[in-house]
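# here is a sequence together with a model predicted from it:
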Amino acid sequence: MSPSLWQSAHRLEVDALLDDPTTRIVVCCGSGGVGKTTTAAAVGVRAAERGRRAVVLTIDPARRLAQSLGLSQLDNVPAPIPGIDTAAGGSLDAMMLDMKRTFDEVVESHAEPARAAAILANPFYQALSTSFAGTQEYMAMEKLGQLHRQSQADGTWDLIVVDTPPSRSALDFLDAPKRLGSFLDGRLIRILAAPARAGGRAYVRVLSAGLGVFSNVLTKIIGAQVLRDLQTFVASFDALFGGFRERAEQTYALLAAPGTAFLVVASPEPDALREATYFVERLEEDRMPLAGMVLNRVAPIRLPELSAELAGAGAERLRDGDPLPDSAEALAASLLELHADRMRQAARQHHLADRFVAANPAVPVVAVPALAQDVHDLEGLRRVGVALAERRHAAEAAGSARR
């Protein structure tokens, strides 16, 4: 059989990527249910056991990263992962973004104690830090920036692996600086912050001229106490907004710089590959460094010399004749039917993968075969890491799918 597009596609060399000391950040993104978190954890484990000092950060609130690492939970502080083979000099830490705690840390780090306490106690801050749209993405940028600055300062890590949320919102953090800037430059914030920014006598003039009618209207709508809380929050928090926007922009620049690699994770299913195409197009639009795609959970081919058609025909012949005892015949027929189903599934996946490669010929691809069991410990992650790195798995998954 002549090589298919999938077989001949430019291969993603994962080990070469991880072994390159200039690779400092790997971002795994993809839709839900494609094994993205497992892939991020496997990348972290493989990198650590090949000598990198790695940390895995997940901003996915579903806690799958802890489960895949065999832990009961992760929190906002990187914790060492036990059981990692450190013979090559590497290590692995992991953490899960706590949106509220990270926001609190920003306030405590960049405000005087009295002002920080006032901000933390303000009801508007409490709402903003827990439920405001986009806060998770803002804090993901902040935490990634913190990890990078720490690694630059003391060499704690030389590789950061980021596991993003399982949806298109996985790339919303790329918009964090722009969205934050729009929020800060919005008319309501500028009006409410004007008195604090003006200071002295100007404060009184701005308050009376700029907020007079506006405050009266808001007071009737939301109440005087709520308005005072809002104005107090904006006045107290105003000085911190600029610093956060600057750091978010720096982290955005870091993501676009050499040394960062985005991995799009997908499964060979129509919806997942459509999402993967969206991620590829979005990353290219934003000029982010796309390393390639991990095609996960590909049906393995056990008997490449037996096609789906031959297996199905064999099962029919076993039913029509009587060459074996009933129990053995039933077992043989079931096995042939199972194999035929697997071959048809593999052929369908093969076709879908070909379509993706045809539409994205410049994107390197690596195929990871479906494992017999769910991955929930280091051994399972090591198997995924080996599959990511070994060429024979790609050939096994792609080759003979149409025979």
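Happy to help now that I have it. Remember, it's a predicted structure, so these values are computed and weren't measured experimentally. Numbers count the residues shown, from 1 in each chain.

# do you have the helices of the stretch 301-403 of the chain handy? List them.
308-320, 326-359, 378-389, 391-398 (DSSP state H, counting those that start in this stretch).

# lowest average confidence across these, which one?
Lowest mean pLDDT within the helices of the stretch 301-403 of the chain: helix 391-398, a mean of 44.

# tell me which element residue 276 is part of?
For residue 276, the host element (DSSP states H and E) is helix 270-285.

# for residue 84, that is, sorry about that
Per DSSP H and E, there is no helix or strand for residue 84.

# which residues does it contact?
Listed by C-beta atoms under 8 Å, 6 or more residues apart in numbering, the contact set of residue 84 reads 45, 48-49, 90-92, 378. Using the backbone N, CA and C atoms, a C-beta is placed for each residue, glycine as well.

# residue 67 and residue 377, how far apart?
Here the criterion is C-beta to C-beta, to the nearest Å. By it, residue 67 lies 9 Å from residue 377.

# so between the two, which is more surrounded?
More crowded of residue 67 and residue 377, by other C-beta atoms under 10 Å: residue 67, with 19 against 14.

# how about the nearest residue to that one, chain neighbours excluded?
Distances taken as C-beta to C-beta, 6 or more residues apart in numbering place residue 376 nearest to residue 67, at 5.9 Å, with adjacent residues excluded.

# contacts only, for the one you found.
Residue 376 touches 67-68, 70, counting by C-beta under 8 Å, 6+ apart.

# just the ones in helices from those, please.
67-68 (DSSP state H).

# let's have the contacts of residue 376 in CSV, adding pLDDT.
Listed next are those as CSV, based on pLDDT from 0 to 100:
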residue, pLDDT
67, 75
68, 76
70, 73
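
# going by distance to residue 280, which of the contacts of residue 376 wins?
residue 68 (24.8 Å; C-beta to C-beta).

# can I assume the closest one is in contact with residue 381?
Yes: between residue 68 and residue 381 a contact is recorded at 6.5 Å, counting by C-beta atoms under 8 Å.

# now the helices: where do they sit in the stretch 1-150 of the chain?
So, for the stretch 1-150 of the chain - with DSSP H, counting those that start in this stretch - the helices run 5-8, 14-19, 36-49, 64-68, 99-110, 113-121, 123-131, 135-154.

# could I get the CA-only coordinates of the fourth one as CSV?
In other words, helix 64-68. In CSV, the C-alpha atoms belonging to helix 64-68 read as follows (Å, rounded to 0.1, in the frame of the first residue of the first chain):
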residue,chain,number,x,y,z
ARG,A,64,-7.4,15.3,36.5
LEU,A,65,-3.7,16.2,36.7
ALA,A,66,-3.5,15.1,40.4
GLN,A,67,-5.3,11.8,39.5
SER,A,68,-3.0,11.1,36.6
